[in-house]
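S.K.: turn this into a model:
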Amino acid sequence: MFGKRFIFGLLFGEHMERKRMIYWGVGVAVVLVLVFSFGFVGNGPKSPVDEIQTPENTAPIPAAAPAPVPTPSVPQPVNFGNYNIDYMNDNIKATLVRQAGTSGKTAFYLPPTGYINVSRGTKYGVAWLVQNVNPKIPEGSEFSFNFAVDPTSVGNCGVSAKVAQGWIERGMASTGMISGRWRQDWNEWYDAMTIYFAFPSDVKTCNIKYNFVITKDGVAYDSRVLEFNLI
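M.R.: Prediction:
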């Protein structure tokens, strides 16, 4: 009887020992899982809240520099005398050629104002150029031009249109050929010249205009208005 109990006790003790070992193993596994879980959470990406810095460790943001206040540009006075051309010269001619480019029909050497201030009792010359665009080769084309006073502008000067027309001293009108190529080594398809005015000293201060019209082979080619302030 004792032998059976002894054997039973041994078996029962062995059984309990195994259960304790199993419990112990499960407990260790749970602990490892918890440790791993907390470690993973601690090393994971930080949330926006984690990124908030305290005032002590936040670098101060420098104040933005004020935007510079643009300085208004002061218009420079125009020296109208610089545009007074007595006779055509190579420098002015080159300027007009550049101004006309390849497709400009005419070009005038004028101040950027578009009008000219001229003292009474003085003379004033305006340089200009006509270019034969799409010339007929080799015969060229016939050009005719004319400068005529605007009759509606003479009243404030207190003179007639005939008198104001007489203020043109030279270069009022002309007719001539601008060839396509009249010589093998010459292919300038333009002509440059000046119109010259002599304004009397006894005229009152006024504004006067002259209309420019040019034709090519009898067909209207280009036009312009020259405006003078007699001061």
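S.K.: CA atoms for contacts and neighbours, from now on please.
M.R.: Noted.
S.K.: thought residue 164 was touching residue 149, still the case?
M.R.: Yes. Between residue 149 and residue 164 there is a contact at 6.6 Å, judged by C-alpha atoms under 8 Å.
S.K.: pull the residues that contact stretch 81-92.
M.R.: Identification of contacts with stretch 81-92 by C-alpha atoms under 8 Å, 6 or more residues apart in numbering yields 109, 110, 111, 124, 125, 126, 127, 192, 193, 194, 196.
S.K.: could you list the buried residues of stretch 211-219?
M.R.: 212, 213, 214, 215, 216 (16 or more other C-alpha atoms under 10 Å).
S.K.: out of those, who's nearest residue 178?
M.R.: The closest of the buried residues of stretch 211-219 to residue 178 turns out to be residue 216 (C-alpha to C-alpha; 9.6 Å).
S.K.: out of everything not next to it in sequence, what's closest to the closest one?
M.R.: residue 143 (4.7 Å; C-alpha to C-alpha, 6 or more residues apart in numbering).
S.K.: ditto for residue 145
M.R.: residue 214 (4.1 Å).
S.K.: part of a helix, is that neighbour?
M.R.: No. Counting by DSSP: H, G, I helix; E, B strand; the rest coil, residue 214 is not part of a helix but strand.
S.K.: bridging residues for it?
M.R.: residue 145, residue 222 (DSSP bridges).
S.K.: quick check: it touching residue 142?
M.R.: No. Applying C-alpha under 8 Å as the test, residue 214 and residue 142 come out as separate, 10.4 Å apart.
S.K.: since that was my last question, I'll sign off now.
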